[in-house]
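[1] The sequence and its predicted three-dimensional model are supplied below.
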Amino acid sequence: MRLTVIGTGYLGATHAACMAELGHEVLGVDVDPDKVAALQAGRVPFHEPALLAKHTASGRLRFTTSYEEAAAFGEVHFICVGTPQRKDSEGADLRYVDSAFASMARYAGPDALLVGKSTVPVGTAGRLADTHAAEIAWNPEFLREGFAVEDTLRPDRLVLGVGSERAEALLRAVYAPVIAAGTPVVTADFPTAELVKTAANAFLATKISFINAMAEVCEATGADVSVLAEAIGHDDRIGKKFLRSGVGFGGGCLPKDIRAFAHRADELGVSLAFLREVDAINMRRRDRVVELARELCGGAVLGARITVLGAAFKPDSDDIRDSPALNVAARLRLDGADVTVHDPEAMDNARKAFPLLGYAVSAEEALGGADLVLHLTEWPQFREISPDTARSLVSRPRIVDGRGVLDAAEWVAAGWEFRALGRPAPGEADRMGRLKR
Ligand code: UDX
């Protein structure tokens, strides 16, 4: 089939390359000529550059800035533009979605199907369908950064929000190889399809904040949240995934999506107040790291040399949007600490956004002379750091594990003062009856 993909950010570029991989001819459209030129030259915003290069080289995937060209190219048009948080409220900013639909609708022929993939407030698809003559469908994406290609080619499910058999048949034809591989397909009306995405993200955020609220209770009682999470996760109904406690969630999706959902619910007269608490619990984890840093530095961080391991909002990504690690780093810098950050992938992005922080090219360099180390993004590289080697580099061996993945016993044995969120400090643990090894 001949498909177009409008908006070539992370979602759109991935979708375009994956559609070419499924055997379609694809034209990617973006209003930003620099983005188009970069993509055409094979520079990609996701981890599998070979996929894009393969299809741009074969000519199966091209990019343009012209909506007119896109309308003439094919029948099915995927709209993948961003829906950031509005500046003046918690709601989603729909200006890019509205303008992409309006531009395509202007040029599209009578048979065109405009398929929204962006995460939007429930009711958006219906409103667009009422506004434009072209047929509309909604097909939300669920891709995780770092696994975008995998999640697009082998998704957990496909959700087809359609208003006609023709639209469903066209989308089933687009995804034929994915469906043939056994992917479940859920067909729904527009509002349900839109809600699947927002509800899924709200659930994931709630699960993380639930375990982080339990971490607060653990901190107040001397219990250990990592053992608690393991134990409740053995119950299949609860499950272990998204139950890792720590400095909380960040990124370009979960924080803004739960705010937009709560805001939309208010407009609809439905209370999703619990999502505001989910957000508040999440932000309190950042406060807790700042508080622990102060405590470990004797009450104030002024003049302390603090190493922050991690800048990306999660490993396998160079994305620093709403990164808990950088948020904590910037706050400590404001309090007068001398902060040095290292991240395996996100250094350039971090430096641009936070030019006043110090940056080191390696974890070893970052650790040099530190009075305190904060482990805030769980890159596998950081887990492999030897506590003995690290100890020989720092000024004072004090560490906060903000992701709960370092082996406390090993660090303590190497002479570190070790603190983790939701877990008792090692001496405290003994007092609470933990078995001594
Ligand atoms: C998320 C959703 O998973 C995806 O389906 C949706 O399409 C977009 O938003 P993403 O933002 O890429 O994807 O990251 P994800 O892997 O979900 O992690 C989100 C945040 O939660 C990260 O900051 C991560 O560190 C944090 N997290 C995740 C936890 O703190 N604990 C966990 O147990 C899991």
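    Arrived safely, thanks for sending. Just so you know, these numbers come straight off a predicted model, no measurement behind them.
[2] Could you tell me which residues of the stretch 1-150 of the chain lie near the ligand?
    Residues of the stretch 1-150 of the chain lying close to the ligand (Cβ under 6 Å from any ligand atom) are 142-145. Where you see a C-beta, it was placed from the backbone N, CA and C, and this is true even at glycine.
[3] By neighbour count, which of these wins?
    Looking at those with neighbours defined as other Cβ atoms under 10 Å, the largest count falls to Glu145 at 23 neighbours.
[4] about what we covered before: minimum pLDDT in the residues of the stretch 1-150 of the chain next to the ligand, which residue is that?
    The pLDDT minimum for those sits at Glu145, where the score is 86.
[5] returning to that earlier point: okay if I get the residues of the stretch 1-150 of the chain next to the ligand as JSON lines plus secondary structure?
    As requested, those are arranged in JSON lines below (DSSP: H, G, I helix; E, B strand; the rest coil):
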{"residue": "Phe142", "secondary structure": "coil"}
{"residue": "Leu143", "secondary structure": "coil"}
{"residue": "Arg144", "secondary structure": "coil"}
{"residue": "Glu145", "secondary structure": "coil"}
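[6] Between which two of those is the distance greatest?
    Spatial extent of those (Cβ to Cβ) is set by the pair Phe142 and Glu145 at 11.8 Å.
[7] For the chain, which segments count as strands?
    With strands called from DSSP state E, the chain shows them at 2-6, 25-29, 61-64, 76-79, 113-116, 135-138, 158-161, 185-188, 305-309, 338-342, 358-359, 372-375, 398-401, 417-420.
[8] and these as CSV, adding mean neighbour count?
    Converted to CSV, the strands of the chain look like this (neighbours: other Cβ atoms under 10 Å):
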stretch, mean neighbour count
strand 2-6, 25
strand 25-29, 25
strand 61-64, 21
strand 76-79, 26
strand 113-116, 25
strand 135-138, 25
strand 158-161, 23
strand 185-188, 14
strand 305-309, 27
strand 338-342, 25
strand 358-359, 18
strand 372-375, 27
strand 398-401, 25
strand 417-420, 22
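[9] Pipe those into JSON lines and attach mean pLDDT per row.
    Output for those, formatted as JSON lines (pLDDT from 0 to 100):
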{"stretch": "strand 2-6", "mean pLDDT": "97"}
{"stretch": "strand 25-29", "mean pLDDT": "96"}
{"stretch": "strand 61-64", "mean pLDDT": "94"}
{"stretch": "strand 76-79", "mean pLDDT": "98"}
{"stretch": "strand 113-116", "mean pLDDT": "98"}
{"stretch": "strand 135-138", "mean pLDDT": "98"}
{"stretch": "strand 158-161", "mean pLDDT": "98"}
{"stretch": "strand 185-188", "mean pLDDT": "98"}
{"stretch": "strand 305-309", "mean pLDDT": "98"}
{"stretch": "strand 338-342", "mean pLDDT": "98"}
{"stretch": "strand 358-359", "mean pLDDT": "98"}
{"stretch": "strand 372-375", "mean pLDDT": "98"}
{"stretch": "strand 398-401", "mean pLDDT": "98"}
{"stretch": "strand 417-420", "mean pLDDT": "96"}
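[10] Output those as a markdown table; include the columns distance to Arg383.
    Supplementary listing: those in a markdown table, determined by distance: least, Cβ to Cβ, whole Å:
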| stretch | distance to Arg383 |
| --- | --- |
| strand 2-6 | 37 |
| strand 25-29 | 37 |
| strand 61-64 | 37 |
| strand 76-79 | 38 |
| strand 113-116 | 39 |
| strand 135-138 | 40 |
| strand 158-161 | 35 |
| strand 185-188 | 37 |
| strand 305-309 | 10 |
| strand 338-342 | 14 |
| strand 358-359 | 21 |
| strand 372-375 | 9 |
| strand 398-401 | 10 |
| strand 417-420 | 13 |
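[11] ok, now how distant is the spatially most central residue of the chain from the ligand?
    Among the residues of the chain, Gly251 comes closest to the average C-alpha position under Cα atoms, centre = their mean, at 4.0 Å. When distances are taken as Cβ to the nearest ligand atom, to the nearest Å, Gly251 and the ligand turn out to be 4 Å apart.
[12] That concludes my questions; thank you for your assistance.
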